[in-house]
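Enquirer: Starting from these lines, generate the structure:
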Amino acid sequence: MLNSLEYSLNMEFEDIDYPVTIRRERLSAFPNYAQESHWHDDVEFLSILSGRMKCTINGESVELSQDEGVFINSRQMHVVHSDTRTDCDYVVVRFHPLLLCATKNIESRFVLPVIENPDFPYAVLSPEIEWQRSVLDSILRIYYMRHETTLALGAQGEFFHIWEQIFRHNAKAPAKVRESTPQLSQLKDMINFISLNYQRKISLEDIRMAGNIGKTSCCLIFQKYLNQTPNTYLTVFRLRKGADLLVKTDKAIVEISEEVGFSGASYFAEAFKKHMGEMPSEYRKKRRVMSE
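Expert: Model prediction:
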């Protein structure tokens, strides 16, 4: 049976009574044009409206352009980003597989074979392939009905259509994962530890212990799947939390630096400039203007 709703890194639905996230995003809204690496029990669909992006799933990157999209299966480590810092406008539709489980028979025959298939972490969606185009069209229909009072009814029909296409064409998909459920589980444990403890002092020893592995293996896993060292990931994670506080609060920079785990405001500012491309005060001013 499927587990109850469980989410890592505080990924929350926009409506707690309806386990669906529907929104439009731009890469430029994220610090350094990159989202945090994360995972969740939900399945996720992206549809590119304009621009280009990279989507990295379990360490494997795919390029997505206008009118293309991607299906990301449940519990896959993933991140969207632009290495060239160019913008991308896209729609996100994310929902929990429980929404598809009208009966135990549907769950066992059509849902679990997909979300528990280790050889099916994702599928790129192209408008040139008929069934994939129909999925992309459904994603956009869901987005455009997001404010309707009958959203739950209309979206549910689209979800079943999407899932039928995914199941028909990918229930026996060829292997795409390079290995390593154990390594991904260890990485998730270490990232979850960072997300819960970033405000206090954390060492490489603390991180590797969270994954129950040695320091060398810890560093290799972070490099393999996230292309970062554990310490760099920790620093960038703290900076993202700081960037969010810069925009959403009036707290002083020194207060923010302490709140997100830096030893001082000068070190926070130096790291912020290095990784985000501008000083904290400049970032705060620009982002607030953009949000007005």
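Enquirer: how about stretch 273-291: buried residues?
Expert: Neighbour counts over stretch 273-291 (16 or more other C-beta atoms under 10 Å) mark 275, 276, 280, 283, 284, 287 as buried. Glycine gets a C-beta too; all of them are placed from N, C-alpha and C.
Enquirer: now the residues you listed in JSON lines, with distance to residue 236 and secondary structure?
Expert: Output for the buried residues of stretch 273-291, formatted as JSON lines (distance: C-beta to C-beta, whole Å; DSSP: H, G, I helix; E, B strand; the rest coil):
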{"residue": "275", "distance to residue 236": "6", "secondary structure": "helix"}
{"residue": "276", "distance to residue 236": "9", "secondary structure": "helix"}
{"residue": "280", "distance to residue 236": "14", "secondary structure": "helix"}
{"residue": "283", "distance to residue 236": "14", "secondary structure": "helix"}
{"residue": "284", "distance to residue 236": "18", "secondary structure": "helix"}
{"residue": "287", "distance to residue 236": "17", "secondary structure": "helix"}
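Enquirer: May I see these organised as TSV, with pLDDT added?
Expert: TSV is the format used below for these (pLDDT from 0 to 100):
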residue	pLDDT
275	83
276	81
280	93
283	88
284	90
287	78
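Enquirer: Tabulate these (TSV), appending distance to residue 221.
Expert: Formatted as TSV, the buried residues of stretch 273-291 follow (distance: C-beta to C-beta, whole Å):
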residue	distance to residue 221
275	21
276	25
280	31
283	31
284	34
287	33
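Enquirer: Can you give the domain ranges for this structure?
Expert: Domain segmentation of the chain under automatic domain parsing yields 20-170, 181-291.
Enquirer: So what's the gap between the shortest one and the chain middle?
Expert: Put plainly, it is domain 181-291. 16 Å (C-alpha atoms, centre = their mean, to the nearest Å).
Enquirer: hey, C-alpha coordinates of the lowest-mean-pLDDT helix or strand in the chain in CSV?
Expert: Lowest on mean pLDDT, DSSP states H and E among the helices and strands of the chain sits helix 280-291, with a mean of 79. Presented in CSV, the C-alpha positions along helix 280-291 are these (Å, rounded to 0.1, in the frame of the first residue of the first chain):
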residue,chain,number,x,y,z
PRO,A,280,23.1,40.5,0.0
SER,A,281,21.9,44.1,0.0
GLU,A,282,21.9,44.3,-3.8
TYR,A,283,20.0,41.0,-4.0
ARG,A,284,17.4,42.2,-1.5
LYS,A,285,16.8,45.4,-3.4
LYS,A,286,16.6,43.8,-6.9
ARG,A,287,14.3,41.0,-5.8
ARG,A,288,11.9,43.3,-3.9
VAL,A,289,11.6,45.5,-7.0
MET,A,290,10.9,42.4,-9.2
SER,A,291,8.1,41.2,-6.8
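Enquirer: helices or strands next to it in the packing?
Expert: Secondary structure elements in contact with helix 280-291, counted by 3 or more C-beta pairs under 8 Å, 6 or more residues apart in numbering; DSSP states H and E, are helix 230-248, helix 253-259, helix 265-276.
Enquirer: Tell me which helix or strand the closest residue to residue 187 other than its chain neighbours sits in.
Expert: Spatial nearest neighbour of residue 187, excluding adjacent residues (C-beta to C-beta, 6 or more residues apart in numbering): residue 221 at 5.3 Å. Assigned by DSSP states H and E, residue 221 belongs to helix 215-226.
Enquirer: go on, residue 80?
Expert: strand 78-81.
Enquirer: Any buried residues in that strand, and which?
Expert: Neighbour counts over strand 78-81 (16+ other C-beta under 10 Å) mark 78, 79, 80, 81 as buried.
Enquirer: Just the pLDDT for the first one.
Expert: At residue 78, the predicted lDDT confidence score is 93.
Enquirer: That one and residue 71 touch, don't they?
Expert: No: here residue 78 does not reach residue 71: they are 11.1 Å apart, not a contact under C-beta atoms under 8 Å.
Enquirer: Overlap in contacts, these two.
Expert: Common neighbours of residue 78 and residue 71 (criterion: C-beta atoms under 8 Å, 6 or more residues apart in numbering): 44, 122.
Enquirer: Could I get the buried residue list for the strand ranked longest in the chain?
Expert: When the chain is parsed with DSSP state E, its longest strand is strand 43-57. Buried residues in strand 43-57, counted by 16+ other C-beta under 10 Å: 43-48, 51-57.
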